[in-house]
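[1] All I have is the shape, not the residue letters:
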């Protein structure tokens with residue numbers, strides 16, 4: 001389907017034994033033998049056959065004029081699923097996460113319940129990211145030459161592109177074909193007909209996120225996933241295993257789940273994940289809020305003589321402000337998957353974020369928040385407890401909360417109109433954390449040297465009642 005002047009094209013499938021038939025040319029549309037593989041001529045076809053012999057995430061891309069055709073976008077991802085799923089991937093926390101998703105109306109959009117036939121490759125949610133960059137000069141030259149040679153006969157003298165692809169100076173840095181801030185627009189947004197998927201992964205606390213990543217461009221991109229390290233499972237579909245002959249026991253971590261045994265993983269925990277051109281990796285990421293030393297759900301002890309989790313237990317009628325947290329053997333609140341604070345880290349339950357808060361939570365806490373009359377950064381600043389409905393509202397002073405609930409206009413003591421002190425900005429169903437995921441190459445988080453742009457996206461950790469819609 002390429003213009004005649006663009007010439008032949010082909011596909012390479014690294015890591016697979018590919019067969020194809022490329023007979024001697026007999027017609028104008030017959031396949032042509034190229035330098036690397038059989039090529040399709042403009043308007044023609046060629047067939048490749050191979051067995052998907054290795055599970056994992058694999059790239060495919062043009063094997064013809066790669067410096068130009070891959071730059072112009074002829075690349076993609078091939079995902080091979082494991083033939084068998086380890087038993088522990090359908091037990092323990094994974095089953096409970098599935099129950100929680102179902103309760104809140106979410107569907108299971110995983111391609112499989114494990115990335116490999118290994119018990120440590122289980123996951124609860126997955127996203128695919130393809131890194132690339134673009135030199136606008138190459139694209140302008142290609143379009144100008146295609147337009148100038150429109151209608152020429154494929155293969156005829158002069159009917160070919162002669163685009164200079166070096167020196168290479170990319171100005172756009174892309175994730176799934178989009179550049180920040182376009183990355184944050186909805187999937188399949190009409191203004192990006194050829195870049196369907198955005199770069200905003202969503203998870204709930206306690207879910208294991210499988211990251212599938214491919215470097216499809218010419219540059220290596222050091223990508224930093226804030227909030228936790230990424231455990232590398234595999235590279236180019238090759239599971240990273242130890243040489244230790246003694247199998248290791250893997251389980252979901254819950255009592256009663258004996259799990260299975262297998263060789264241990266040897267993949268690194270990476271602060272920055274390296275995305276080498278042409279290479280793919282699969283990695284596991286998760287976030288629970290464990291170890292923050294404050295309650296990210298904004299809980300406080302119920303009123304005396306009341307039962308936790310009831311409207312009467314909170315002076316402002318917010319039952320979720322006093323939910324209980326019963327630790328399992330690993331310290332997480334996993335007993336009730338339908339709870340808003342399912343998988344909360346119970347050790348920090350009821351702990352306030354401020355050393356001396358104005359509000360209805362007793363003192364104690366690891367931080368002193370800035371005075372909102374002196375320092376604010378938009379409606380939020382780092383450290384605000386807002387995971388869960390109304391957490392920001394009840395994080396204010398009692399006087400401010402009463403004003404917000406009753407609509408009173410008379411300012412109360414210690415009450416300001418600056419967030420996050422009092423007002424509820426987001427709809428009640430939208431609470432969470434936003435962690436920046438971005439390249440650690442400063443130039444790559446700009447678009448034509450304009451920030452924010454380029455290789456920059458957000459991981460959104462949503463409270464349980466926020467429904468993550470992955471139907472597209």
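    Structure's in. What do you need? In this text, all values refer to a predicted model and were calculated from it rather than measured experimentally. Numbers count the residues shown, from 1 in each chain.

[2] Which strand runs longest in this protein?
    The single longest strand within the chain, with elements called by DSSP state E, is strand 125-134.

[3] and after it, which helix or strand comes next?
    The helix or strand immediately downstream of strand 125-134 is helix 136-148, counting by DSSP states H and E.

[4] which stretches of the stretch 301-450 of the chain aren't confidently modelled?
    316, 353-431 (pLDDT under 70).

[5] Give me the most central residue, this structure.
    residue 201 (3.3 Å; CA atoms, centre = their mean).

[6] Model confidence for that residue, exactly?
    Here, the pLDDT recorded for residue 201 equals 92.

[7] Could you report the neighbour count for the closest residue in space to it that isn't next to it in sequence?
    Nearest residue to residue 201, sequence neighbours excluded (CB to CB, 6 or more residues apart in numbering): residue 127, at 4.5 Å. Backbone N, C-alpha and C define where each C-beta goes, glycine included. A count of neighbours around residue 127, defined by other CB atoms under 10 Å, yields 19.

[8] sorry, back to before: run the chain-centre distance for the longest strand of the chain.
    Mean-position distance between strand 125-134 and its chain equals 9 Å (CA atoms, centre = their mean, to the nearest Å).

[9] Pull up the pairing partners for it, direction included.
    Here strand 125-134 is paired, per DSSP bridges, with strand 172-175 (antiparallel), strand 209-215 (parallel).

[10] Looking at those, which is nearest to residue 10?
    Among the strands paired with strand 125-134, strand 209-215 comes nearest to residue 10, with 18.7 Å by CB to CB.

[11] residue contacts, the residue nearest to the centre of the chain?
    Remark: with contacts taken as CB atoms under 8 Å, 6 or more residues apart in numbering, residue 201 is in contact with 125, 127, 209, 211, 437, 457, 459, 460.

[12] Please apply the same query to residue 253.
    So residue 253 contacts 92, 93, 329, 330 (CB under 8 Å, 6+ apart).

[13] Export those residues to a markdown table and append columns for secondary structure.
    Formatted as a markdown table, those follow (DSSP: H, G, I helix; E, B strand; the rest coil):
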| residue | secondary structure |
| --- | --- |
| 92 | helix |
| 93 | helix |
| 329 | coil |
| 330 | coil |
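
[14] who wins for neighbours among those?
    The most crowded member of those, judged by other CB under 10 Å, is residue 93 (24 neighbours).

[15] Spit out the contact partners of that one.
    Each residue near residue 93 by CB under 8 Å, 6+ apart is listed here: 206, 252, 253, 254, 334, 343.

[16] same deal with residue 468?
    106, 125, 202, 203, 204, 462.

[17] Distance of the closest residue to the last one other than its chain neighbours relative to residue 309?
    Closest residue in space to residue 462, ignoring its immediate chain neighbours: residue 432 at 4.2 Å, by CB to CB, 6+ apart. If you measure residue 432 against residue 309 using CB to CB, to the nearest Å, the figure is 21 Å.

[18] any chance you could map the helices in this structure?
    For the chain, applying DSSP state H gives helices covering 66-69, 92-103, 136-148, 391-394, 398-406.

[19] now the first one: how far from the chain's centre is it?
    On the basis of CA atoms, centre = their mean, helix 66-69 is displaced by 28 Å from the centre of the chain it belongs to.

[20] try stretch 84-103
    With CA atoms, centre = their mean as the basis, the mean position of stretch 84-103 lies at 20 Å from the chain mean.

[21] Stretch 191-201 now?
    The chain centre lies 13 Å from the centre of stretch 191-201; the measure is CA atoms, centre = their mean.

[22] Tell me which residues of it come out buried.
    For stretch 191-201, the neighbour count (16 or more other CB atoms under 10 Å) marks 192, 195, 197, 198, 199, 200, 201 as buried.

[23] ok, and the closest non-adjacent residue to the second one?
    With CB to CB, 6+ apart as the measure, residue 177 is the residue that lies nearest to residue 195, at 3.4 Å, once sequence neighbours are left out.

[24] contacting residues for the one you found?
    With CB under 8 Å, 6+ apart, residue 177 has these contacts: 73, 130, 132, 192, 194, 195, 197.

[25] will you turn these into TSV that also has distance to residue 273 and pLDDT?
    Shown next, in TSV, are these (distance: CB to CB, whole Å; pLDDT from 0 to 100):
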residue	distance to residue 273	pLDDT
73	23	93
130	14	95
132	16	95
192	25	87
194	26	85
195	22	86
197	19	88
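
[26] Go through these and flag which are in strands.
    130, 132.

[27] Nearest to residue 155 among the contacts of residue 177?
    Nearest to residue 155 among the contacts of residue 177 is residue 73, at 23.1 Å by CB to CB.

[28] residues contacting that closest one?
    Neighbour list for residue 73: 177, 194 [criterion: CB under 8 Å, 6+ apart].

[29] Repeat that for residue 227.
    By CB under 8 Å, 6+ apart, the contact list for residue 227 reads 287, 433, 435, 459, 461.

[30] Recalculate using a threshold of 7 Å.
    287, 435, 459 (CB atoms under 7 Å, 6 or more residues apart in numbering).

[31] Considering those, which possesses the most neighbours?
    Highest count within the contacts of residue 227 by other CB under 10 Å belongs to residue 459, 24 neighbours.

[32] ok, residue 287 touching residue 437?
    No. In terms of CB atoms under 7 Å, residue 287 does not count as a neighbour of residue 437; the distance is 11.9 Å.

[33] count of neighbours near residue 117?
    Counted by other CB under 10 Å, the residues lying close to residue 117 total 17.

[34] ok, it to residue 436 distance?
    Taking CB to CB, one finds residue 117 at 34 Å from residue 436.

[35] Compare the contacts of residue 201 and tell me which has the most neighbours.
    When neighbours are taken as other CB under 10 Å, the top entry among these is residue 211 (26 neighbours).

[36] picking that back up, among the contacts of residue 468, which one has the most neighbours?
    residue 204 (26 neighbours).

[37] Please tell me how far it sits from residue 301.
    With distances taken as CB to CB, residue 204 is found 25 Å from residue 301.
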